[in-house]
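Enquirer: test case, fold it:
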Amino acid sequence: MTRLRVALLTYSTKPRGGVVHTLALAEALVRTGRGEGVDVDVWTLGRGGDTTFFRPVADGVGVRAVPFEARDDEPVGDRIVRSIAVLGEAFGRERAAYDVVHAQDCISANAALPCVRTIHHLDTFTTPELAACHERAVVEPHTRVCVSAAVAAEVRAGWGLDPTVIPNGVDAARFAAGVADAARWRTRLGRYVLGLGGIEPRKGTRDLLAAYALLRERHPDVALVLAGGETLFDYRDYRAAFDADAARLGVAPVELGVVPDDDLPGLVAGAAAMGFCSTKEGFGLAAMESLAAGVPVVARDLPVLREVYGDTVGYGTDAASFAAALDAALTTPAAPAAGRELARSYTWGAAARAHLELYRGLSRGLVPGADGARA
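Expert: Here you go, the predicted model:
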């Protein structure tokens with residue numbers, strides 16, 4: 001059988017959602033493709049001297065971290081352009097070694113065009129260079145994948161393009177096992193509502209803060225704990241507004257920053273509830289991991305989250321409704337069985353098999369929009 005050589009590209013080594021997806025998919029492709037002749041390398045920018053990812057990567061997956069010099073006070077637009085150029089130059093020298101080139105974000109897609117592109121979610125940017133990056137990464141790939149039908153429908157409505165839908169996977173067993181470490185986090189933090197992803201506009205962190213300010217009137221013993229936060233973008237203005245909100249509301253959230261990967265399941269499992277207030281999502285992996293850990297979730301009422309989660313989570317649209325749903329989750333939490341079952345139904349093995357089918361179709365010219373040439 002002819003070997004299939006796959007390059008997966010991402011823009012960072014840090015624990016962002018798209019990076020987590022890339023690594024899990026790479027490992028699942030290697031496991032699933034064992035015996036079928038599948039080789040996978042993950043390419044990324046090694047920012048700040050990073051030579052590998054935020055967690056160990058399974059044997060059999062190659063890691064190619066391209067050195068990327070940190071420059072203090074570099075404007076976001078300039079950093080985007082330089083990121084594309086540095087990754088594109090390094091990858092371009094070895095592109096011919098791969099049969100499939102699959103980018104997971106707009107930066108790596110721009111560095112690797114023409115390619116397969118997973119559009120996790122659509123965004124609106126005001127930085128001109130980033131807006132152009134986003135547009136090219138939707139329009140110019142020869143094949144597009146979305147992790148939910150709702151995002152695929154947005155792409156269809158906005159650009160007349162028809163992505164292949166391949167749902168995300170989740171390591172449900174890993175987060176279910178986090179229960180064993182949950183007591184340590186509860187001892188450290190008390191009873192807490194958890195928000196993941198850092199303090200940034202897309203995560204709706206200011207809405208979660210405002211909801212918590214209302215929630216503590218009924219649950220004064222509950223803390224708000226925020227974790228995560230490594231990002232390429234400059235959210236200083238949003239952070240300043242968040243801090244002003246916190247001072248005005250008299251709220252002091254516990255900020256953990258980036259949590260080591262081995263500690264994350266216990267932190268999630270220890271939460272009394274998760275506040276998932278994102279304004280844009282493609283699937284919502286952190287919320288699914290929370291369900292796997294048996295933790296009730298309150299999410300923003302978005303079509304994509306209704307599609308993926310149905311009635312296994314509570315929903316809100318603003319601070320008042322988020323607070324009400326969190327109050328319900330804390331006071332009379334639903335039995336976790338349905339959420340756990342949903343999380344177990346999304347496997348990386350299934351995602352890998354669907355990707356391999358797509359890749360094989362590309363190599364035979366069977367995927368609409370592909371010309372049968374090397375991807």
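Enquirer: where along the stretch 151-300 of the chain do the helices fall?
Expert: Using DSSP state H, counting those that start in this stretch, the helices of the stretch 151-300 of the chain run over 172-176, 179-189, 205-215, 236-249, 264-270, 285-292.
Enquirer: which one of those is the most hemmed in?
Expert: Comparing these by mean neighbour count (mean count of other CB atoms under 10 Å), helix 285-292 ranks first with a mean of 26. Just so you know, the C-beta spots here come from the backbone N, C-alpha and C atoms, and that holds for glycine as well.
Enquirer: got the domain boundaries for the protein?
Expert: Annotated domains of the chain cover 4-169+347-364, 172-345 [automatic domain parsing].
Enquirer: and the first one, average pLDDT?
Expert: With pLDDT averaged residue by residue, domain 4-169+347-364 scores 95.
Enquirer: run the chain-centre distance for it.
Expert: Relative to the mean C-alpha coordinate of its chain, domain 4-169+347-364 is positioned 12 Å out (CA atoms, centre = their mean, to the nearest Å).
Enquirer: show me the contacts for D171.
Expert: The contact partners of D171, taken as CB atoms under 8 Å, 6 or more residues apart in numbering, are 24, 289, 292, 348.
Enquirer: for the stretch 201-350 of the chain, which spans come out with low pLDDT?
Expert: Per-residue confidence for the stretch 201-350 of the chain (pLDDT under 70) gives these ranges: 230-234.
Enquirer: cutoff 80 now
Expert: Where the stretch 201-350 of the chain drops to pLDDT under 80, the residues are 229-234.
Enquirer: closest to V66 out of the helices of the stretch 151-300 of the chain?
Expert: Nearest to V66 among those is helix 285-292; the distance by CB to CB comes to 25.2 Å.
Enquirer: so how far is the closest one from its chain's centroid?
Expert: 11 Å.
Enquirer: what of stretch 319-331?
Expert: Counting by CA atoms, centre = their mean, stretch 319-331 comes out at 25 Å from the chain centroid.
Enquirer: so what touches that stretch?
Expert: So stretch 319-331 is contacted by 193, 207-208, 210-215, 218-219, 222, 272-273, 275, 277, 296-298, 300, 314-316 (CB under 8 Å, 6+ apart).
Enquirer: okay, L330 and L305: tell me how far apart.
Expert: 20 Å (CB to CB, to the nearest Å).
Enquirer: compare neighbour counts for these two and give me the winner.
Expert: L305 (22 against 19; other CB atoms under 10 Å).
Enquirer: I figured S108 was touching L87, is that so?
Expert: Yes - applying CB atoms under 8 Å, one finds S108 in contact with L87, separated by 6.3 Å.
Enquirer: show me whatever sits in contact with both of those two.
Expert: 9, 11, 43-44.
Enquirer: give me the buried subset of these.
Expert: 9, 11, 43-44 (16 or more other CB atoms under 10 Å).
Enquirer: what strand or helix carries F322?
Expert: In this structure, F322 sits in helix 319-331 according to DSSP states H and E.
Enquirer: thinking again about what came up before, how about the helices of the stretch 151-300 of the chain, which one is nearest D72?
Expert: helix 236-249 (13.6 Å).
Enquirer: contacting residues around that closest one?
Expert: Contacts for helix 236-249 (CB under 8 Å, 6+ apart): 199-201, 205-206, 209-210, 213, 251-253.
Enquirer: could you find the closest non-adjacent residue to G158?
Expert: L122 (7.3 Å; CB to CB, 6 or more residues apart in numbering).
Enquirer: and T205, by the same measure?
Expert: I199 (4.6 Å).
Enquirer: quick one: pLDDT of the one you found?
Expert: For I199, the predicted pLDDT is 92.
Enquirer: check contacts around it.
Expert: 205, 226, 229, 235, 238-239, 242, 255.
Enquirer: I'd like those residues laid out as TSV, including distance to G35.
Expert: Below are these laid out as TSV (distance: CB to CB, whole Å):
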residue	distance to G35
T205	45
L226	44
G229	40
Y235	45
Y238	48
R239	49
F242	50
E255	46
